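**Q** have a look; sequence and predicted model below, questions after that.
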Amino acid sequence: MSGSVSSLWRHPIKAHGREPLNDVTMTPGQTMPGDRVWAIAHEASKADGSEWAPCANFSRAAKAPELMAISASMTGDTVTLSHPDRPDLTFRPDTEQKVFLDWVKPLMPSDRAASARIVRVPGRGMTDSDFPSISLCNMASHRAVAQRLGLDISIHRWRGNIWIDGPPLWEEFDWVGREIQIGECILSVRENITRCLATTANPETGKRDADTLGALDSWNHQNFGVCAVVLQGGKIEVGDKVQLV
C-alpha cells in the first residue's frame, strides 16, 4: 500500500462544523487535537460531561441535516461557526452556551429533542467510538461512491480526520488489525466506520439530496472509512506518505 495525506480536518464541536488543517501534532491515545472537544447534549440526553457518552445523547446531523452545512474555526477555547442561513457566531463554548443555543435553534427540526447544553469531557474528544479515535478515509472509495450516485459529492459528508489518496477502492478495510504510519505517527487501525443518515445531507446546503447509504449497499455494506488509535505521536502534514508498518 502506498499513498499520501490529501487533507486534514477537525470538528471542534461534534456534528457542528469542520475546519481544515495544514498539519497536526498527535498524542498517543488521544483524538486529533481540537477534534470533538465539545458535544451538544439534547433535552433527552443523560450526558453530563463526567465521561464519554454514545452519539445518541447528542444533537447530530443524522436527525438534524441542517447541521451538516456548518463550518468552523477554533482559536484556543473560542470557536467561530458559519452557516449559509445564519450569521457567523464567535463564542466560547465553555462559558457562552446561551448564545450558541439561540444561534442553532433555527437549524433544529421542531419534532426532535432540542439542543439543551454544551458538554465537554476534559482530555477526551467526543468521538462516536467508545475509544479516542482518529478517522481515516480513502479518496478512491469516496470517488467510487460519487460515481455510483452520479453526483459530485463533497468529502465533508463523511466527516473524516485524515484523507488519504493513493490506495485502491476499499483497501482501507484491509488495514483493520494492522498498524499504519502517517508522517511521524504510527496508528493502530481498529474497526470500520458504519455510516448513518448524516451522510445523505449536502454539506453546502444542509438538505438531504443523495442516497449515500443506498450507494454503499451496492457493495453489500454501509461502511466508509476506518477508526484508528494513535500509538506513536508526532506531526502529520498534508502530503505526508502513508504506509503499512
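**A** Done, it's in.
**Q** what ranges does the protein have for its helices?
**A** Secondary structure of the chain by DSSP state H: the helices cover 97-104, 139-149, 212-217.
**Q** and the pLDDT at Trp163?
**A** pLDDT, Trp163: 98.
**Q** Ser133 contacts Ala228, correct?
**A** Yes: using Cβ atoms under 8 Å, Ser133 is in contact with Ala228, at 6.5 Å. Heads up, the C-betas are built off the backbone N, CA and C, glycines and all.
**Q** what's the burial count for Arg143?
**A** Neighbour count for Arg143, taken as other Cβ atoms under 10 Å: 15.
**Q** distance-wise, check it relative to Ile164.
**A** Relative to Ile164, Arg143 is positioned 12 Å away (Cβ to Cβ, to the nearest Å).
**Q** how about Gln232?
**A** For Gln232, the distance to Ile164 - Cβ to Cβ - is 18 Å.
**Q** comparing these two, which shows the higher neighbour count?
**A** Taking other Cβ under 10 Å, Gln232 and Ile164 do not tie; Ile164 has more neighbours (26 against 14).
**Q** ok, back up a step: how about the helices of the chain in TSV, adding distance to Thr199 and mean pLDDT?
**A** Below are the helices of the chain laid out as TSV (distance: least, Cβ to Cβ, whole Å; pLDDT from 0 to 100):
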stretch	distance to Thr199	mean pLDDT
helix 97-104	20	97
helix 139-149	9	98
helix 212-217	4	98
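**Q** can you list these in CSV and add distance to Arg159?
**A** Formatted as CSV, the helices of the chain follow (distance: least, Cβ to Cβ, whole Å):
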stretch, distance to Arg159
helix 97-104, 17
helix 139-149, 12
helix 212-217, 12
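**Q** looking at those helices, which is nearest to Gly76?
**A** helix 97-104 (16.4 Å; Cβ to Cβ).
**Q** many thanks, we can stop here.
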